[in-house]
Structures are given as structure tokens and as C-alpha cells.
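K.L.:
Got a predicted structure plus its sequence, pasted below:
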Amino acid sequence: MSERENKSESQNIYHLIILDSSSSMGSVRNETISGLNEQLQSIKKASIDFKAQIQKVCFVTFDSEVKIGQIWNKSVEEIPDFNKETYCPDGCTALLDGIGMGVTKLKNEISKELLERKATVVVTIFTDGEENSSREFNREQVKTLLQEVQDSGQWTVAFLGCGSDVLNVAESLNISRANTMEYSVGSAGTNQAFTIMANARYARSCAYNSCDSLESMTQVNKTVGFFDNLDLDFDDDTQNIGEVESDGDIE
């Protein structure tokens, strides 16, 4: 009997979604709400398809302030669809605070699970603008924090952003290019970015499901980019999910 067949405990997969809700996102509010619901559907599908995984969602928004509300450490089945009451863009862009506070809170709360190698975290950061109002965390603190969690092999951190400097911003936070995507401003680019993120998220669950040990799951997090369309055999010839028509560059 393989180690996977002999496993008696499920693996908790935490989806930490850190989303820009500054005023500039107001022009794509409907697309963002639709995209968030697409993420939920992707996670729900993974929950159905991969019974050994318990899919949990932690949701953080940031504008001038960071908001961590009721959708925190909840099983995906408990979460209703997003709507205009649950996503209301306003204010500036406290990107560093959103990342720092969200990652720190989850890291502290599941420290025992992480220590026992019973949890894996997928962090997705989505923003259409640049940092301009954080007060609690600076860039160096966030950079150090993200390096620390990724070094454990239990965290994947992905970054989706607008503009020509997205790759440099991500790298300044210790997020690799393989886990970074630049998308085009506007409705079409926003829709496409959320769809690619949902596909990549589901592919990550496929990859985890194919692992026969927590060690091999750790290896996936350390070596395979989030935006790779992972097959179950982990062949080198992976196809990039981002290979679709786009006005922006997808790395």
C-alpha cells in the first residue's frame, strides 16, 4: 500500500485571497465580483474532485485600510457568492499592509498545522495599482515575511497586477516571475486574469492530489510555478495556462 493510500488524515488547503478594493477597482467592480465567484467555483470543484483535501478560504481586502471580515478560515462550502454589498471599492492602496497582515494572521493561527506538515497555503494577491498608503508594514518587512513562508515549501505566493512594472514589484517582494502575471487594465483584462487564476488554482489542487507524500507536495510548491498548467505526472513539458490572447504579458 502506498503512503498516499495509507494516509488517514486529510490535508488542509488554505486559499488566502488578498484583493485590492481601492477606488480604482470601482470601474471593474462587476468583473471583480464575477471573478471572485469564479474563484469560489474553482475551489468548490477541487473540494468535490479531491476528497482528501479540505479547502478553506481566507479573504482580505485592502484600500486605505485592511479589512479581514467574516470570510476567514471557512470551508468553501460555507461561503455565499460575492455581490455588491460584499465588495465595495473605495480609498487608496495599502498593498503592503494587506499582504503583511493577511499572511501574518494566517501563519500565526495555523502554526501548529504547519509545524506538523498538515497544511498547505496558496496566497493570491490581486491589485490594479501601486502601494501608496500602508502604515503597518514596509516593503522590506513584507519581502522577509514572504521569503520565510515560501522557504518552508508549504506556501505558494502568486501576484497578479496591472502596469509595466508588475514583475519588478513582485520580485521586490520575493515573489518569483513564475508566480507573477501582468494583466491589462479594463474589463477584458480583469476577466481574463481571474479566469487564469481560477484555472491555475484548480491545477494546483490536481498537483497536490497526485502527490504520494507531503514531501512531494512541498517539492511542487518549491519548483513549479503557479501559472503552469500542471499535469498529474509532473512532466517537464508543462503547458502555461497563460497562453491565451492578451494585451498584457503573462509570465
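P.N.:
Yep, it's here.
K.L.:
and T223, how many neighbours does it have?
P.N.:
By other Cβ atoms under 10 Å, 10 other residues sit near T223. (Each C-beta comes from the backbone N, C-alpha and C, glycine too.)
K.L.:
swap that for T32, please
P.N.:
Around T32 there are 24 residues (other Cβ under 10 Å).
K.L.:
So it is in contact with C88, correct?
P.N.:
No - using Cβ atoms under 8 Å, T32 makes no contact with C88, being 10.8 Å away.
K.L.:
Show the backbone phi and psi for V122.
P.N.:
Backbone torsions of V122, given as degrees, to the nearest 10, read phi -110, psi 110.
K.L.:
That one: neighbour count?
P.N.:
22.
K.L.:
swap in the one 3 residues further on?
P.N.:
Burial of I125 is recorded as 27 neighbouring residues (other Cβ under 10 Å).
K.L.:
Is it in a helix, a strand, or coil?
P.N.:
strand (DSSP: H, G, I helix; E, B strand; the rest coil).
K.L.:
so who does it touch?
P.N.:
By Cβ atoms under 8 Å, 6 or more residues apart in numbering, I125 lies in contact with 18, 95, 98-99, 157-161, 175.
K.L.:
And it, what's its pLDDT?
P.N.:
I125 is assigned 98 on the pLDDT scale.
K.L.:
Return the set of residues that bridge with it.
P.N.:
I18, F159 (DSSP bridges).
K.L.:
And it, how close does it get to S152?
P.N.:
I125 sits 18 Å away from S152, going by Cβ to Cβ, to the nearest Å.
K.L.:
Same question for S64.
P.N.:
32 Å.
K.L.:
what do you get for D128?
P.N.:
Noted for D128: a distance of 30 Å to S152, by Cβ to Cβ.
K.L.:
Kindly report the same for L115.
P.N.:
From L115 across to S152, the span is 10 Å (Cβ to Cβ).
K.L.:
Looking at the two, which is more packed in?
P.N.:
S152 (16 against 11).
K.L.:
you'd agree the more buried one is up against E113?
P.N.:
No - S152 is beyond contact range of E113, at 11.9 Å (criterion: Cβ under 8 Å).
K.L.:
At which residues are the helices of this protein located?
P.N.:
3-6, 29-49, 95-109, 111-115, 139-151, 166-172, 187-210, 214-223 (DSSP state H).
K.L.:
Between those, which one is closest to C58.
P.N.:
Checking these against C58 by Cβ to Cβ gives helix 95-109 as the closest, at 5.6 Å.
K.L.:
In that closest one, which residues are buried?
P.N.:
Buried residues in helix 95-109, defined by neighbour count with 16 or more other Cβ atoms under 10 Å: 95-107.
K.L.:
likewise stretch 176-195?
P.N.:
176, 179-185, 189-195.
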